[in-house]
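>>> Here's my sequence, what's the structure:
(chains A and B)
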Amino acid sequence: QVQLKETGPGLVQPTQTLSITCTVSGFSLATYYMQWVRQTPGKGLEWVGFIRSGGSTEYNSEFKSRPSINRDTSKNQVFLKMNSLKTEDTGVYYCARTNGYWYFDLWGPGTMVTVSS
Amino acid sequence: DVQMTQSPSNLAASPGESVSINCKASKSINKYLAWYQQKPGKANKLLIYSGSTLQSGTPSRFSGSGSGTDFTLTIRNLEPEDFGLYYCQQHNEYPLTFGSGTKLEIK
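Modelled structure (predicted):
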């Protein structure tokens, strides 16, 4: 079955680093770009960044070098790390898939992240 | 960055009616606009891409139109399962950007 599933910590303290795992099933990470999108009360849906099928990455400059995306193709997993978290980073974080046309044809259900002390 | 302005923010309609949701880009995005449906507890669902191309599985009562800066999602003969949140997204250039959403409620 083709699907994505995010797993995250739920609660993160301000200034700490967020780590989220996206587990992929039913397709190969070598075929698609894998994206991270978040949805916050303040800014709505925002594109965070992606990892290409070849493994290189691109990020939204709005996040000022805070995110980092990696993957483990042997485990069919993609990872998002974001450092220096602030309360306004509270929201739902999604992994999603794009093909060559940059629309998201498959989403995970999302994982809620709360940044609070 | 391309700013996406979506309207209306809220929309109430009855089953069987037709509704339209608009999305305006701050500059031309050619035909490259996608529409998504969001429901609680479910993964976001791609409905339409490239302005008017229905994703596999999207019912034919959904249609998309527009090019350049102005786009419309039309839902004809509303079904109960159509109520929820709808978002547009430009897929012409990075950074990819989204509209602020339209909440479609049952009247």
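
>>> A:Pro14 contacts A:Thr114, doesn't it?
No: A:Pro14 lies out of contact with A:Thr114 (C-beta atoms under 8 Å); the separation is 10.8 Å. Heads up, the C-betas are built off the backbone N, CA and C, glycines and all.

>>> Would you check how far apart the spatially most central residue of chain A and chain B are?
By C-alpha atoms, centre = their mean, chain A has its centre lying nearest to A:Trp36, at 3.1 Å. According to C-beta to the nearest C-beta, to the nearest Å, A:Trp36 and chain B sit 11 Å apart.

>>> tell me the contacts of residue 89?
I'll assume chain A. Taking C-beta atoms under 8 Å, 6 or more residues apart in numbering or on different chains, we find A:Asp89 in contact with A:Leu18, A:Arg38, A:Thr40, A:Met82, A:Val113, A:Val115.

>>> actually chain B
Neighbour list for B:Gln89: A:Leu45, A:Tyr103, A:Phe104, B:Met4, B:Leu33, B:Ala34, B:Trp35, B:Tyr36, B:Leu96, B:Thr97, B:Phe98, B:Gly99 [criterion: C-beta under 8 Å, 6+ apart].

>>> Over to B:Leu96?
Taking C-beta under 8 Å, 6+ apart as the criterion, B:Leu96 is in contact with A:Trp47, A:Trp102, B:Gln89, B:Gln90.

>>> residues from chain A in reach of chain B?
Residues of chain A lying near chain B by C-beta under 8 Å from any C-beta of the partner chain: A:4, A:44-47, A:58, A:60-62, A:94, A:96, A:101-110.
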